[in-house]
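A.B. asks: sequence and predicted structure, then a few things I'm wondering about:
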Amino acid sequence: MKKTVHALFTVLTFLFGMFQVQSTFAALPIQKADLPTGAKLFFVAARTIPMVNIGIDFPGGSAYDPFHKYGVAEFTAELMDKGSKIQGVEKNEAYIADSISDLGSMVNFHASNETGSVRIKTLSKAEVLNSVINQVSDMLAYPTFNPKILEREKARTRSSLLESKTKPEFLLGEQFKKMIYRDHPLGNEETIETIAKIEVADLKKFHQMYYRANQMNVIIVGDVDFNQAIEIGTRLTKNLPTGPIVNTTLPSLMALPVADQATREVKIAHPSAQAHIQMGITSPPRKDPDYFPLLVGNYILGGGGFVSRLMNEIREKRGLAYSVSSYFYPAKNSGFFTASLQTRKDQSNEAATLLKDTIAQFVEKGPTDEEMLAAKNNLINGFPLRIDSNNKLLENLSAIAWLDLPLDTLDTWTEHVQEITKENVQAAFKKHLLMDRMVTVTVGGK
Amino acid sequence: MGNQTRFVYKKVVLALGCIFVSMIAAVHAESYTTESTLSNGLKVIVREDHRSPTVAHMVWYKTGSIDETTGTTGVAHVLEHMMFKGTEKVGTGEFSKRVAAVGGRENAFTNNDYTAYFQQIEKSHLEEMMVLEADRMQNLQLSEAEFKKEIQVVMEERRLRTDDQATGLMYEQFMATAFNAAPNRHPVIGWMEDLKNMTYLDAQNWYHKWYTPSNAVLVVVGDVKPEEVLNMAQRTYGAIPKRQIEERKLQGEPEQKGIKRFTLKAPAENTLVFMGWKAPKVENGNMDVIDPWALEVLAGILDGNQNARLNRTLVIDKKISSGVGSSYEASGRGEQLFLIEGEMLPGKSPQLFEKEVKSILAKIAESGIQDQELQRVKIAVTAAQVYKRDSVFGQAMEIGANEMVGNSWKKIDLITEKIQAVTADQVKLVAKKYFTDDRLTVGILDPQPIDPAKKLANERAAAAIQR
């Protein structure tokens, strides 16, 4: 067995900001191993609470849905806990739900647009942990995919899609994603038409192709040691499907083109009291060197809660909205920037103009020295809050593993923030937030 | 599933039961939590959690929407917004800037029973947060100009959370129908008309009435030493003069005498049904009762996992609903309801849902529950005691919320023990005792199309049938 152990206990000390605060952060001892099943293990020991959080991620999200059968990834995940062969015996969904509850554990299968995922929360008591791992290992490998259950879940999804179609926030998000992703697989969305075509054979094939050990990251944070973690990760992934290698590389997402305003704006009528407005543009993936300048800049523009420019202009100064914010979503090989708000119908034009102007002005003129200092103070001083629970650690590790980031990413994070200059921020925003390409969706506007 | 498997399965459950019981002893909270009261009446509760160098700092005021009266509903929440608008020393917007500068995450929330303010910070900034929070506990400056802007923000919040959300409107209408007199009948965010008529003086009166150390509890959880926290609290909050609040007037609810029903029309696709029965609760922190704990267990029996009785019957077997849930809280300052709600699948009538829910409850009232089901609920409660320790903020929330409803934090473990002691017979008895039609309110969401043309066509069709 190959083991790559990165156990760093460096203590970093910084001086920064107007407070001249001295902060010490003990670096995270992340341990990594290549498991014999082909899966990769990422582990942090946390021995204080008798519990273990486990995550599994793999390329098996809706981006891999078969053409015009959007929804297969989600239904596959949905049916993973609704029947499987456990220790060689066929068990139904009732047995699975109750046996997990009887252990005091929680097991959840999920598909996003990029990944298929499992999350397990369990007590670390040996008997409990052992039983949960055995059961989830079999659930992952031997799902039943009962056709009657698939029909039931399709009917539920259909009803929930019909409901969503009446909600302004859903219509907004759907149209926005359509304009950002266009026909890229990351924009695959299940619809009433696409789910009607899905059959059990599609789920079986999807499971066979994408639930592969050699594509999986297993993340463990909790009350076990490294050897136990290796054993758990191996057991969870040992019976998974094998076969010819499947190419999971996605095509790159093309940047949005320059277009005239009329083609970049979509308005959808809705009888809601508020107009929902969202604008945005494609942006670089997580590994891009502009990640940190965009992170710091967005804190100033619309990420910094009550103190951001958008919040100040739209809520604090004018009372136009309850919530207004912006964020970058830097994914593995793609990304987008978005800003959104909701406001009373008759103020929608005023609010949309303010949203656009505030962004445009920030891109044009960049942040002030004072804003840069405040942003760095917040991000650096607040860093410990990003990793102060096992659950938060698990999700950070999951991101490091999925995005293929260096194992010292969390240890060097505050240094990277500290290095960013006002000029870096302005250059990055000018490069990526191109106002003549930005798209806008309004639902329920005047 | 064969008989033999079932037998083995039962043995496993019992064995695990023992593992869980032995774990309770190890998780007692008293050992790392301390409580003191400053001379001005502020209660200070500190829990040590040294896993990370972070702290949750919360101030809880024992005032919420149930302390409001008709005409000024929503004022508790409006004041919560105004608390960020500055004091003599800390200008408008400055509070948030100072919290942000030390890397803090902050917010506030208002509920029926309480209003709370919090910052999550790296531990070295705790005293600065206390200085800020103590300042706005006594020196808030409420300007008419700031109020006029902020009340617009609150109205936008109401539109977002309630007016444009069918489920939000349903819940609001449900509480307003179930209760005739008790203040649980009005929404925490307030009726829109009351928000429109509210002035900065309403907010000011509210502040003077409730915001004083003797009506507040300070909760600090994280990588701290209790004696240091107490010293800081003394230096900051301790300087605020002592003041007694006026005696609270209880606003009770007369006994319901017969089923209540309503229909609400709102833009949506699916029919929703809400059913709620008036239920008892723990009174004045007295834990030596049975029914509230048995009702908590019943909620778990009905809705504890995907195979619990509601989901099993209504979603899996009979395919009436796409989703179903139940909720009940044993503790609260106001009135309590046992709620069951469901979203209908196309073509399934609300009457069918109501009939099935009543039959599920009647079956428990007649035949009781299985030991395995009871054990399962108790295991979930015990495991949750372990999992909750992973969140510093979650621990502060649990302590504060219990203090506000009259349960001391010291009784949090006792609550778990009380739930562990509930028997199958007690669950059967509460199912029989409280789920009568005379205590019941049923609300139905009648979904309306969002397309006005379609709406008009529907109305014409309905009118044609009437003629």
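C.D. replies: Happy to help now that I have it. Residues are numbered from 1 along each chain as shown, chains lettered A, B, ... in the order given.

A.B. asks: so residue B:286, which of the three states?
C.D. replies: Using DSSP: H, G, I helix; E, B strand; the rest coil, the structure places residue B:286 in coil.

A.B. asks: should've said residue A:445
C.D. replies: Once three-state DSSP is applied, residue A:445 turns out coil.

A.B. asks: quick one: pLDDT of it?
C.D. replies: Predicted confidence (pLDDT) for residue A:445: 95.

A.B. asks: count of residues packed around residue B:384?
C.D. replies: Residues near residue B:384, counting by other CB atoms under 10 Å in any protein chain shown, number 12. To be clear about C-beta, it is placed using only N, CA and C from the backbone, and glycine gets the same treatment.

A.B. asks: so it belongs to a helix, correct?
C.D. replies: Yes - assessed with three-state DSSP, residue B:384 lies in a helix.

A.B. asks: so how far is chain A from it?
C.D. replies: For residue B:384, the distance to chain A equals 8 Å [CB to the nearest CB, to the nearest Å].

A.B. asks: which other helices and strands contact the helix or strand containing residue A:57?
C.D. replies: Secondary structure assignment for residue A:57, by DSSP states H and E: strand A:51-59. In terms of contacts (3 or more CB pairs under 8 Å, 6 or more residues apart in numbering or on different chains; DSSP states H and E), strand A:51-59 is packed against strand A:115-123, strand A:217-222, helix A:226-237, helix A:390-402.

A.B. asks: give the pairing partners of it; include direction for each.
C.D. replies: strand A:115-123 (antiparallel), strand A:217-222 (antiparallel) (DSSP bridges).

A.B. asks: reformat these as a markdown table; add mean neighbour count and mean pLDDT.
C.D. replies: What follows is the strands paired with strand A:51-59, written out as a markdown table (neighbours: other CB atoms under 10 Å in any protein chain shown; pLDDT from 0 to 100):
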| stretch | mean neighbour count | mean pLDDT |
| --- | --- | --- |
| strand A:115-123 | 24 | 98 |
| strand A:217-222 | 27 | 98 |
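
A.B. asks: a markdown table for those strands, including distance to residue B:233?
C.D. replies: What follows is these, written out as a markdown table (distance: least, CB to CB, whole Å):
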| stretch | distance to residue B:233 |
| --- | --- |
| strand A:115-123 | 35 |
| strand A:217-222 | 33 |
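
A.B. asks: next structured bit after the strand holding residue A:57?
C.D. replies: helix A:72-79.

A.B. asks: contacts for the first helix or strand past that following helix going along the chain?
C.D. replies: Scanning forward in sequence from helix A:72-79 by DSSP H and E, the next helix or strand is strand A:84-86. Residues outside strand A:84-86 that contact it (CB atoms under 8 Å, 6 or more residues apart in numbering or on different chains): A:90, A:91, A:95, A:96, A:135, A:138, A:139, A:141, A:142, A:143, A:144.

A.B. asks: mind doing that once more with 7 Å?
C.D. replies: Outside strand A:84-86, the residues that touch it by CB atoms under 7 Å, 6 or more residues apart in numbering or on different chains are A:91, A:96, A:135, A:138, A:139, A:142, A:143, A:144.

A.B. asks: check contacts around the most centrally placed residue in chain B.
C.D. replies: Taking CA atoms, centre = their mean, the centroid of chain B lies closest to residue B:111, which sits 7.0 Å from it. Residues near residue B:111 by CB under 7 Å, 6+ apart: B:64, B:188.

A.B. asks: around residue B:305, how many other residues sit close by?
C.D. replies: 19.

A.B. asks: and it, what are its phi and psi?
C.D. replies: phi -150, psi -180 (degrees, to the nearest 10).

A.B. asks: my guess is it contacts residue A:97, does it?
C.D. replies: Yes - assessed by CB atoms under 7 Å, residue B:305 is found in contact with residue A:97 at 4.9 Å.

A.B. asks: okay, now the domains of chain A?
C.D. replies: With domains defined by automatic domain parsing, chain A comprises A:35-237, A:261-443.

A.B. asks: now those domains as a markdown table including distance to residue B:167?
C.D. replies: Below are these laid out as a markdown table (distance: least, CB to CB, whole Å):
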| stretch | distance to residue B:167 |
| --- | --- |
| domain A:35-237 | 10 |
| domain A:261-443 | 14 |
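
A.B. asks: so which of the ones you listed is nearest residue B:249?
C.D. replies: For the domains of chain A, the distance to residue B:249 is smallest for domain A:261-443, at 31.8 Å, taking CB to CB.

A.B. asks: ends of the closest one, what's the gap?
C.D. replies: 17 Å (CA to CA, to the nearest Å).

A.B. asks: then stretch B:263-283?
C.D. replies: 33 Å.

A.B. asks: coming back round to it: put together a markdown table for the contacts of strand A:84-86, with neighbour count on each row.
C.D. replies: Formatted as a markdown table, these follow (neighbours: other CB atoms under 10 Å in any protein chain shown):
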| residue | neighbour count |
| --- | --- |
| A:91 | 20 |
| A:96 | 25 |
| A:135 | 23 |
| A:138 | 19 |
| A:139 | 24 |
| A:142 | 19 |
| A:143 | 21 |
| A:144 | 20 |
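
A.B. asks: is the closest residue to chain B within the stretch 101-250 of chain A in a helix, a strand, or coil?
C.D. replies: Nearest to chain B in the stretch 101-250 of chain A, going by CB to the nearest CB, is residue A:104, at a distance of 3.1 Å. Per three-state DSSP, the local secondary structure of residue A:104 is coil.

A.B. asks: contacting residues for it?
C.D. replies: Applying CB under 7 Å, 6+ apart, the residues near residue A:104 are A:123, A:128, B:20, B:379, B:380, B:382, B:383.

A.B. asks: what's the closest of those residues to residue B:186?
C.D. replies: Among the contacts of residue A:104, and counting by CB to CB, the member closest to residue B:186 is residue B:380, at 33.4 Å.

A.B. asks: element containing the closest one, please.
C.D. replies: helix B:371-387.

A.B. asks: mean confidence for that helix?
C.D. replies: Mean predicted confidence for helix B:371-387 is 96.

A.B. asks: could you give the bridge partners of the closest residue to residue B:276 other than its chain neighbours?
C.D. replies: Once flanking residues are discounted, residue B:276 sits nearest to residue B:337: 4.2 Å by CB to CB, 6 or more residues apart in numbering or on different chains. Beta-bridge partners for residue B:337, by DSSP bridges, are residue B:278.

A.B. asks: I figured residue B:337 hits residue B:280, correct?
C.D. replies: No - between residue B:337 and residue B:280 there is no contact under CB under 7 Å: 10.8 Å.

A.B. asks: between these two, which is the more surrounded one?
C.D. replies: Neighbour totals were compared for residue B:337 and residue B:280, and residue B:337 leads with 24 against 18 (other CB under 10 Å).
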